[in-house]
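Enquirer: What shape does this take:
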Amino acid sequence: MRNLSALAGVAILMSATVAEARLTRITIESRAPASNGYETLSGRFFGELDPKDPHNALITDLSFAPRNAHGHVEYSATFAMAKPVKMADANGILFYGVPNRGNAPSLPTSGEVNVVSGWQGDLLIKPGLQTITVPVAKNADGAPLTGRVFERFINMAPNTTTLPFVTLTYQRPLTLDTSKASLSKRSSPDGPLTAIPSADWAFADCTSKPFPGTPDPAKICARTPFDPAFAYELVFTAKDPLVLGIGYAATRDLNSFLRYADRDDAGTSNPVAGSIRWALSQGTSQSGNFLRSFLHLGFNQDEQNRIVWDGVAPHIAARQLAMNYRFAVAGATAGQYEPGSDGVVWWSDYADKARNREKAGLLDRCTATKSCPKIMETFGSQEFWYLRESPDLVGTDAQQDIPLPPNVRRYFFPATSHGGGRGGFNVPGTPANGCSLAVNPNPESDTMRALRAAFIDWVTKGVEPPPSRYPALSRGELIEPALFPKVAGIPAPNRLVNPLYDFDFGPDLRYNDLSGVITKEPPAVRKVLPTLVPKVDADGMDTSGVPSVLRQAPLGSYLGWNMVAGGFDKDRICGLTGGYVPFARTKAERLANGDSRLSLEERYGTHDGWVAQVRKAAEKAVSERFLLRADADRLVSEAEASSVLR
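Expert: Sure thing, here's the model as predicted:
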């Protein structure tokens, strides 16, 4: 192991050439003018990694990847950038937006250099996506590396005989011999499995040719149609894993190059050379999980031991990204048997005694190398119900609050869906696709704009952001789901929390880092761990955190959960969608409906009374720096123009 502290001293004396940043070549394939004196650039960048370098040592299977003449592993990825045409007009900030499943966030044009790039190597390459090409890992003799993988199929159409793989995009069976694999079915999510004889199914396509069909390593077909009343579970031995963990190093090296280098190995100039004083990043959902694992695995330090990002902002991201293990599925969420909540998910050190893990925290590696950024973490209600946010705050025993380090701010958005709703002041609910309740409209975007401004000021000017605000066990703001009160007018969220399991994926997985090799698929369940959710009021809505203006002047109950309307998972949690149950207009109407929640008239009296509440909430949020003045004025104007209690 190289001495990282010694390397840090040597790095000061070394020039910032691209060879040290390990991005070897950058190509700009298109350049076009944009608004506000900006231009957009896009192209590809190429890099190589030394498997022996300790900065890359945590990348699973990197040592099994093919090498070039220098003994290094090569990769290439796409990127896009929005920057001022005249870099003298730039404000010194590089803001990296982490793409979500290849979909890049918008590139603002407000003085910053905004960058996106490909990092997820298991994506199918499609126009418009940011992608990366990573190598296949093989044994030294060329023989394939193998491992067990799992796929689940539900809610197929009647009379379906062929099912394509859903989450497995590159994992292909070592053999099409079904006796070497298993296909089973179950009639309920917790019901017993029934094995399907290997002679009754095939790795094949039966859409145009009867069973056993045309051999196809990415599909299964059955002798008799699949029954929509069952879930089907497939396990097989896969071959040729992609080295997906390279996505972390590629992101590190692109950002390091843009921040520190003058030109690449071929002499192509860095388009923003010498203009970057601060580098920040933000990721939402899957891409927020990427940031959490990026920090945890030590990638915020480049190969010269320099810090990559000064600020990191993961949004609605409760887990680690399950990408750095053999045959990983980087696009998974929190479905049955999907890893992600199995490693370290808390910022401060915590002893995970419930799972017999070593004491650890997400910032251990960057603390050791003095490369930790300032962190602004934001999330809402739905993350507790489906994405297992609870252990991030209170650990796997749910016995006490885990304190935050001084470089972390945390903000909870109560009563929101995953990412928040569309906002607006309409009383009727919009039906949710596949869910029992209407879509939760309660927004997070207004608050996020204010916090983004505070985040930038914190990193670039040292201005402290608002104090953290999130539910605490010590204040009684987190409860067991079973204690959710009965509220006449909204359904009870029975069995809706996505359980936190202590999974046994086998001895070759490094659980705290979610790295290595999974040998047990599906995993055995050692135990179910406690999970908490935010405490609610008489309307069934969360009481803690940073409420939106709509939450403070509600038109109904905004819920962080919803129920599946039909199909195999009927009455279970409806994915990432929160629910909305409008209030009755009058007392007589609510009494007729058996609704215990006060009506709009009982709450506000008149339209003007409600607008006054909106105005009061907006002013309070502005004073606390959770709302920009322009957004406050807009919300009041929208409320005045609305039909509420007209």
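Enquirer: contacting residues around the residue nearest to Ala204 when sequence neighbours are not counted?
Expert: Computed as Cβ to Cβ, 6 or more residues apart in numbering, the closest residue to Ala204 that is not its neighbour in sequence is Gly213, at 3.7 Å. All C-beta spots, glycine's among them, are computed from the backbone N, C-alpha and C. Gly213 makes contact with Thr162, Ala202, Ala204, Asp205, Cys206, Thr207, Cys221, according to Cβ atoms under 8 Å, 6 or more residues apart in numbering.
Enquirer: can you do 6 Å?
Expert: Residues in contact with Gly213 (Cβ atoms under 6 Å, 6 or more residues apart in numbering) are Ala204, Asp205, Cys206, Cys221.
Enquirer: which regions of the stretch 501-646 of the chain sit below the pLDDT cut-off?
Expert: Applying pLDDT under 70 to the stretch 501-646 of the chain flags no residue at all.
Enquirer: change it to 90
Expert: Scanning the stretch 501-646 of the chain with the threshold set as pLDDT under 90 gives 575.
Enquirer: ok so, going back, out of the contacts of Gly213, which is most surrounded?
Expert: In terms of neighbour count, Cys221 stands highest of these at 25 neighbours, by other Cβ atoms under 10 Å.
Enquirer: residue boundaries of the helices in the stretch 101-250 of the chain?
Expert: 246-260 (DSSP state H, counting those that start in this stretch).
Enquirer: so where is it shaky, pLDDT-wise?
Expert: Within the stretch 101-250 of the chain, the segments meeting pLDDT under 90 span 105-110, 124-126, 189-191.
Enquirer: Quick check on Lys527: phi, psi?
Expert: Torsion angles at Lys527 (phi, psi; degrees, to the nearest 10) stand at phi -170, psi 160.
Enquirer: so it touches Leu500, yeah?
Expert: No - in this structure Lys527 lies outside contact range of Leu500 using Cβ atoms under 6 Å: 9.7 Å.
Enquirer: For those two, indicate the residue with more neighbours.
Expert: Higher neighbour count among Lys527 and Leu500: Leu500, with 21 against 11, using other Cβ under 10 Å.
Enquirer: Dihedrals phi and psi, that one?
Expert: According to degrees, to the nearest 10, Leu500 has phi -100, psi 120.
Enquirer: can you list the domains in the chain?
Expert: Domain ranges of the chain: 1-136+244-276, 146-239, 280-285+308-585, per automatic domain parsing.
Enquirer: Return the most buried member of the ones you listed.
Expert: domain 280-285+308-585 (a mean of 20; mean count of other Cβ atoms under 10 Å).
Enquirer: Where does Trp309 fall, secondary structure wise?
Expert: In the assignment (DSSP states H and E), Trp309 maps to no helix and no strand.
Enquirer: quick one, what contacts it?
Expert: Contacts of Trp309 (Cβ under 6 Å, 6+ apart): Ala279, Ser281, Asn300, Pro373.
Enquirer: And the last one, how close does it get to Asn56?
Expert: In other words, Pro373. 20 Å (Cβ to Cβ, to the nearest Å).
Enquirer: Start and end of stretch 524-535, how far apart?
Expert: Taking Cα to Cα, to the nearest Å, stretch 524-535 runs 32 Å from one end to the other.
Enquirer: Give me the contacts around that stretch.
Expert: 354, 384, 390, 396, 398, 471, 477-479, 481, 497, 499-502, 504, 542-544.
Enquirer: Identify the residues contacting Thr543.
Expert: Thr543 makes contacts with Lys535, Asp537, as judged by Cβ under 6 Å, 6+ apart.
Enquirer: scratch that, Gln282
Expert: Counting by Cβ under 6 Å, 6+ apart, Gln282 has contacts Gly97, Ala313.
Enquirer: The helix or strand harbouring it relative to helix 246-260, how many degrees between them?
Expert: Using DSSP H and E, Gln282 sits within strand 278-284. Put simply, strand 278-284 runs at 150 degrees to helix 246-260, going by axes from the mean of the first three to the mean of the last three Cα atoms, to 10 degrees.
Enquirer: ok, strand 278-284: who's next to it in the sheet?
Expert: With DSSP bridges as the test, strand 278-284 is paired with strand 93-97 (parallel), strand 311-315 (parallel).
Enquirer: Go through the contacts of stretch 524-535 and flag which are in strands.
Expert: Assigned to strands by DSSP state E, the following of the contacts of stretch 524-535 qualify: Leu478, Ile479, Leu500, Tyr501, Asp502, Asp504.
Enquirer: Tabulate those (CSV), appending distance to Arg551.
Expert: Listed next are the ones in strands among the contacts of stretch 524-535 as CSV, based on distance: Cβ to Cβ, whole Å:
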residue, distance to Arg551
Leu478, 18
Ile479, 19
Leu500, 27
Tyr501, 32
Asp502, 35
Asp504, 41
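Enquirer: What is the nearest of those residues to Arg597?
Expert: Ile479 (19.4 Å; Cβ to Cβ).
Enquirer: OK, contacts around that closest one?
Expert: Contacts for Ile479 (Cβ under 6 Å, 6+ apart) come out as Lys535.
Enquirer: can you check Arg449 too?
Expert: So Arg449 contacts Leu628 (Cβ under 6 Å, 6+ apart).
Enquirer: what's it sitting at in phi/psi?
Expert: phi -60, psi -40.
Enquirer: before we move on, back to that, tell me which of the strands paired with strand 278-284 approaches Leu404 most closely.
Expert: strand 311-315 (13.6 Å).
Enquirer: pretty sure Asp264 is touching Arg22, no?
Expert: No - assessed by Cβ under 6 Å, Asp264 is found out of contact with Arg22, at 10.7 Å.
Enquirer: Out of the contacts of Trp309, flag the one nearest to Lys180.
Expert: Nearest member of the contacts of Trp309 to Lys180, counting by Cβ to Cβ, is Asn300, at 42.2 Å.
Enquirer: Relative to Asn114, how far out is the closest one?
Expert: Here the criterion is Cβ to Cβ. By it, Asn300 lies 19 Å from Asn114.
Enquirer: Also Lys83?
Expert: 7 Å.
Enquirer: Please name the bridge partners of Phe95.
Expert: Phe95 has these beta-bridge partners by DSSP bridges: Asn114, Leu280.
Enquirer: For it, give me its contacts.
Expert: Neighbours of Phe95 in contact, by Cβ under 6 Å, 6+ apart: Glu112, Asn114, Leu280.
Enquirer: And the pLDDT at it?
Expert: Phe95 carries a pLDDT value of 97.
Enquirer: swap in Met1?
Expert: 32.
Enquirer: Relative to Gly298, how far out is Val408?
Expert: With distances taken as Cβ to Cβ, Val408 is found 17 Å from Gly298.
Enquirer: all strands for the stretch 451-600 of the chain, in order.
Expert: Along the stretch 451-600 of the chain, the stretches classed as strands by DSSP state E, counting those that start in this stretch are 478-479, 500-504, 509-510, 515-516, 524-529, 533-534, 556-558, 579-582.
Enquirer: Compile those strands into CSV and extend it with columns for distance to Ala630.
Expert: What follows is the strands of the stretch 451-600 of the chain, written out as CSV (distance: least, Cβ to Cβ, whole Å):
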stretch, distance to Ala630
strand 478-479, 34
strand 500-504, 40
strand 509-510, 47
strand 515-516, 44
strand 524-529, 44
strand 533-534, 29
strand 556-558, 24
strand 579-582, 26
